[in-house]
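Q: What follows is a predicted protein model with its sequence.
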Amino acid sequence: MEKYLTKDRNIILIIDDSKLTRLVLKNIFKASYRIEEAKNGIQGLEKLRDNCDSVCAVLLDVVMPEMDGMEMLHALMELDVIGQIPFFLITADDRNEITEDAYHMGVMDVIHKPIVPYMVRRRVDSIVELFESRRRLSDIVEIQREELLQKTQNLYKMSIGMLEALSTAIEFRSDETGSHIQRIRSITLYLLQHTDLGKGLTNEEIELIGIASICHDVGKISIPDSILNKPGKLTDEEYKIMKTHTTRGAQLLSQIPQMQQHKAYRYAYDIALHHHERWDGKGYPEGLKGNQLSLWAQIVSIADVYDALVSKRCYKEGYSFDKALEMIINGECGVFNPALLDAFIQVEKKIRVLYDVVF
């Protein structure tokens, strides 16, 4: 029987007011188990509390002074112990209601007196083996769950890393510093986490939107360098080509099977396609207007405009933060949702910290 027991859980607790019964039961099990004894339910509860993690079975008499077996079972139900340890009721009372009540409270088996040693040993051993097997299986499942969770987290980090690498590579093509996408993500998260814009969204949804914002300009990979890095103003034809980075970005994301399976995909697709739309309907590529625009696409849009204004580009020097904010408020860079604009103004000075500015 020893092969079924864990190192730490190998005690049988015998609770019976009869010294003779305790001796009989002890002799049945002492070769394979450690034995603890109690003369009544009160002592039994104390022994169980002291040895709860080591007890593999409890043999409990019904009729005892101070606290009988049924009273002890009621107390144990409140402590949520029954079910974790197998209980066996020892009784000379063969009334059905005793047996029925015992099973109802979670007792694994009812053993009637007089005790037949080989039968009691077989019945107790079988149940203890069952419980130990269940514990081992539960431990294995928990280990596998932790391993699967770790693998999932690693894949999650890898997928984010791949998106960041792709987006950063595109930034370097467009003569940017490589930190643009991180600032867009940080601004997006800050607006969702520190203003009313994030109300109604879960923490997971906000995190997914932050991840999705990384992909806002992936479509620029299809834009020729001559247009992407042109130091002067684009011609109408060149601007027309530049604007296709929105539709091409959404198309690119839709053609990556792993991306489609990612929870951030629906946000990423929408942001890539619509982050140049405007509240007044004068944006591109679809001319969406007002509440036709998703919240996340609008947030990434204002973050993108702000970062573009304050950052140095091949075609311009960066504006001061105050000037950039003034241009956004005055509508020089398009029209934004009034609620979004108010929220942005509230936290704009905090956002400046992302640019290593000390106030």
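A: Arrived safely, thanks for sending. Since we're looking at a predicted model, the values are computed, not measured.

Q: from here on, contacts and neighbour counts on C-alpha atoms
A: OK.

Q: Name the SS class of the nearest residue to residue 83 once chain neighbours are set aside, please.
A: Using Cα to Cα, 6 or more residues apart in numbering and skipping residues adjacent in sequence, the residue nearest residue 83 is residue 106, 6.6 Å away. Per DSSP: H, G, I helix; E, B strand; the rest coil, the secondary structure class of residue 106 is coil.

Q: Phi, psi for residue 106 please.
A: The phi/psi pair for residue 106 (degrees, to the nearest 10) reads phi 110, psi 10.

Q: again, but for residue 87
A: Taking degrees, to the nearest 10, you get phi -110, psi 140 for the backbone angles of residue 87.

Q: Then residue 216?
A: Note on residue 216: backbone dihedrals following degrees, to the nearest 10 are phi -60, psi -30.

Q: how about the closest residue to it other than its chain neighbours, what does it touch?
A: On the basis of Cα to Cα, 6+ apart, the spatially nearest residue to residue 216 that is not a chain neighbour turns out to be residue 272, at 4.2 Å. Contacts here follow Cα atoms under 8 Å, 6 or more residues apart in numbering; on that basis residue 272 touches 215-219, 246-247, 249-250.

Q: Doesn't residue 110 lie inside a strand?
A: Yes - per three-state DSSP, residue 110 lies within a strand segment.

Q: for the residue lying closest to it once chain neighbours are set aside, helix, strand, or coil?
A: The spatially closest residue to residue 110, leaving aside those adjacent along the chain, is residue 89, at 4.7 Å (Cα to Cα, 6+ apart). Using three-state DSSP, the structure places residue 89 in strand.

Q: surely residue 89 meets residue 107?
A: Yes - in terms of Cα atoms under 8 Å, residue 89 counts as a neighbour of residue 107; the distance is 6.9 Å.

Q: And residue 206, which helix or strand is it part of?
A: Under the criterion DSSP states H and E, the helix or strand holding residue 206 is helix 203-213.

Q: got the contact list for stretch 250-258?
A: With contacts defined as Cα under 8 Å, 6+ apart, stretch 250-258 is touched by 218-219, 259-260, 265, 268-270, 272-273.

Q: For the residues you listed, work out which two are farthest apart.
A: Farthest pair in these (Cα to Cα) is 219 and 260. Separation: 16.3 Å.
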